[in-house]
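[1] here you go, sequence then predicted model.
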Amino acid sequence: MSSATIQYNTRSDYRKRKNRLFYWLVIAMSAITVSPILLIVYKLIIQGYKQINWSFFTKVAPNTLEAMTANAQGEVIPGGILNGITGTFLIVVMAAIIAIPVGIMIGLFLYENQGKRFASIVRDISDILQGVPSIVLGLIAYMWVVKPVTHGFSALAGSVALAIMMLPLIIRSTEETMKMIPTSLKEAGLALGVPYYKVILRVLIPTGFSGLSTGILLAISRIIGETAPLMLTTLGSSAVNWDVTKPTSAIPLLVWEFYNDPNMANLIWSSSLFLMGFVLVLNIISKRIAAKQNR
Amino acid sequence: MKSDKIFKYLLFSASFLVIIVAAGMVFTLSSGAIPAFKEFGLKFIISNQWNPTEGRESYGALPFIAGTVITSVIALLLCIPLAFSTSLFIAEYFYKKRVAMFLSTMVDLLAGIPSIVYGLWGFYVLRPFIVELGLSPQGYGIFTASLILAIMIIPYATSLSSEIISMVPNDLKEAAYAMGATRLEVIFNVILPNARSGIFASFILAFGRALGETMAVTMLIGNSNIVPTGLFQTGNTMASVIANQFGEADGLKLSSLIAIGLILFVITGLINAIGKLIIKKLA
Amino acid sequence: MNENIDRVDNPIIKIENLSIAYDKDKFAVKDINVEIEKNAVTAIMGPSGCGKSTLLRAINRMHELYPQIETKGDILLKDENIMDMSTIMLRRKIGMVFQRPNPFPTMSIYDNVIAGYKLNGIKLKKNDRDQIVEESLISVALWDEVKDTLFKKGSFLSGGQQQRLCIARTIAYKPDVILLDEPTSALDPIATARVEDLLVKLKKDYTIVLVTHNMSQAARISDKSMFMYMGNLIEYGNTMKMFTNPRNPKTEQYLTGKFG
């Protein structure tokens, strides 16, 4: 009897210790998981802030010679990333113009046709599109736009690649947003004798507006830092370019160029910091909108 | 009524576009890859020669397929304990607590960092560290690339896993606690069996992400077109060979790169389809 | 014809041989023949799943929102077959109020009242608009409570106020008939009493049909009552008569709380 009790106690101690140990293991592992983000942001800020000045936003990227001279004299590298900022703006805005209306329409279609065969095929394909590596989308845009349409590297080709990347994200967020709106609102509209399409456009979309914009902002934050597909499509340009059929630079492309040119090393961090800051701001805004909606 | 019909037709045609885009991608990649497959046949997949010298051109994708699979598998193995612990932190130990919200925001931000920034950080911080440890003279190679890949895919695995874990019904957990189980025992005897397939799916999807990553891997793997035989050897992946060699490619070389793109497309497509299928079964 | 189903003096709606199936051979409503009295409150009662909501929704064809539904038979509004009307016109003549209050969350109280005009793109002069809003809100006894906050969002109102706003939104359109699907089931007793008072007042100008699972509510406010069971209309007639002297044993069992 007494030996059984003692055995039970030690066993219980052992279990408690194991439990405790695992608890701390989980905390330690979680700390390891988040440490890269802190380390990365720290590195970007420490190395990058020096270069962020007025000309960083108003001048195009310097050439190697200018950078080399500045380095030799121990000065800050002249010039900035204006050609990248305008290029990213052009490419992303065009991608959004292509992807957002189509994506919302498809999302509405999926929402309206829950449980139907064709809709579920479309949903599955959209899910698979979401998993296609961005470099493959670059190849596709090269063969769809660069070769036959613009006969050369172009902003348009980059936008097509990024639009295909955005599309599944918009589709999914539109459908999810619409599903969260109570059906009673749709019924209320219809019961007032309002045609179906007007109920969607004037009741459901305004009601789900914050959900839709969250989805759009997140999708933009996903594509804005993409480099690989742009290497195959927009190539880059040393001047500011607004012609969609011409090669165009973008912030991530500039980072890649700076990375490959030892003289430009200092500019890598400031451009990355700017890019990263932009992505973070988009993320925070969309979180705010989502939180406001849930309240 | 008439405008209702037009509207529905419009939505339907938009949806058809998804199918056209997907089918178009398969068609474009396949037709672009035909010259390479015609020239090399099955050897394209099993040959480890990558020789662009004119007149003796010979292209085989084996080094890149091997590099992709090896780096992604190692990344997955590194990712599993970290992502699993983090999802337990978020969805079980500190569920709905402030610190869990903070952690999950951080993990989301990790997903938002552009691939090229990971590459830079890997190049300037991780790589010197590997050199300092004496693991490899230059710091480039399979292991360094896998490490950065692991960090990149953790958020994908974590966000889905924690969602699945938080969905395990409370009364099941309470029943186990009521019988005197410790938290650890509840996790391994109640939560894991219930969330098993969802967690599995989340790792499959993360694996799919790893397969297609380009920039960060390109900057760290060393870009040598050989089948790697050791953890600290250099290598190349399908995505990074396309990125590296596309610029000067035409003719047979271009077709070979497209063929590699096709193989990558098919593999990631299959992996994703499996992952989504498991999730679909759950719902 | 079933002898337990009375005819009415002044019918506005006639339902003839109406059957509705959600799935093949799964009938929610089985061959119903009934008339609805003008300017009266008609209550539809029955245990859950008896088809009362489906019948109500069929009257302005809201039941067609579900796919794969099959409808046989006719419904006549003032001798005009509603199956031949466009749903848009029909739903302007027959409005509907739902179980949970559902004001449009993006619109102000004012816009909610005239939502029927606004959403249909019907332009009104400002004076007319103001008048419609005021009259509608007065008739649902909400005017005094909201006249200073007309341009705030309707979702800030209490549940009872929201439901009266939804009724105002329906009558702003001046329909002939108002259908209500358990309109008080999400409300507290005080708000319920106010809505009930309102319905009794509104029957002067409108025909009111409501589905309720609450027998005492039917007894309090309705003139006519239907009792449905498993898709069949069992009994229909004056409410007082049905509650004091039910003709069918099923009706009696239901009214005395034997099932439901």
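    All right, it came through fine.

[2] for residue C:184, which three-state class applies?
    Here residue C:184 takes the coil state, with states given by DSSP: H, G, I helix; E, B strand; the rest coil.

[3] correct me, but it touches residue C:197?
    No - shown here, residue C:184 and residue C:197 do not form a contact pair, counting by C-beta atoms under 8 Å, at 11.4 Å. Placement of C-beta: from N, CA and C, glycine included.

[4] more crowded one of those two?
    For residue C:184 and residue C:197, the more surrounded residue by other C-beta atoms under 10 Å in any protein chain shown is residue C:184, and the numbers stand at 23 against 13.

[5] so what's that one closest to, chain neighbours aside?
    Using C-beta to C-beta, 6 or more residues apart in numbering or on different chains and skipping residues adjacent in sequence, the residue nearest residue C:184 is residue C:192, 4.1 Å away.

[6] and the one you found, what does it touch?
    C:160, C:184, C:217 (C-beta atoms under 8 Å, 6 or more residues apart in numbering or on different chains).

[7] give the helix, strand or coil label for it.
    In terms of secondary structure, residue C:192 is helix; the call rests on three-state DSSP.

[8] low-scoring stretches of chain A, by residue?
    For chain A, residues meeting the criterion pLDDT under 70 lie at A:1-10, A:293-295.

[9] domain ranges for it, per the record?
    Dividing chain A into domains by automatic domain parsing, as the record does, gives the ranges A:1-50, A:82-294.

[10] give me whichever of those domains is most buried.
    Scoring the domains of chain A by mean neighbour count under mean count of other C-beta atoms under 10 Å in any protein chain shown gives domain A:82-294 as the most buried, with a mean of 21.

[11] now check it, is it near chain C?
    Yes - judged by C-beta under 8 Å from any C-beta of the partner chain, domain A:82-294 comes into contact with chain C through A:116, A:182, A:184-195, A:198-199, A:202-203, A:206-207, A:209.

[12] from those, pick out the ones that also neighbour chain B.
    Contacts with chain B within those, counted by C-beta under 8 Å from any C-beta: residue A:195.

[13] got the phi and psi for residue C:108?
    Backbone torsions for residue C:108, taken as degrees, to the nearest 10, come to phi -70, psi 170.

[14] now do the SS call for residue C:22.
    strand.

[15] residues contacting it?
    Shown in contact with residue C:22 (C-beta under 8 Å, 6+ apart): C:28, C:66, C:68-69.

[16] what's the most distant pair in those residues?
    Every pair in the contacts of residue C:22 was compared (C-beta to C-beta); the two farthest apart turn out to be C:28 and C:68, at 12.3 Å.

[17] neighbour count: the two, which is higher?
    Neighbours per residue (other C-beta under 10 Å) separate residue C:28 from residue C:68, with residue C:28 holding more: 23 against 8.

[18] what strand or helix carries that one?
    Per DSSP states H and E: residue C:28 is located in strand C:26-37.

[19] what packs against that strand?
    Based on contacts counted as 3 or more C-beta pairs under 8 Å, 6 or more residues apart in numbering or on different chains; DSSP states H and E, the elements that strand C:26-37 packs against are strand C:11-23, helix C:52-59, strand C:207-211, strand C:224-229, strand C:232-238.

[20] identify, from the contacts of residue C:192, the entry nearest to chain A.
    Closest approach to chain A among the contacts of residue C:192 (C-beta to the nearest C-beta): residue C:184, at 15.3 Å.

[21] dump the residue contacts of the residue nearest to residue A:224 when sequence neighbours are not counted.
    In this structure, residue A:224 finds its nearest non-sequential neighbour in residue A:92, 5.8 Å apart by C-beta to C-beta, 6+ apart. When contacts are counted by C-beta under 8 Å, 6+ apart, residue A:92 touches A:159, A:162, A:220, A:223-224.
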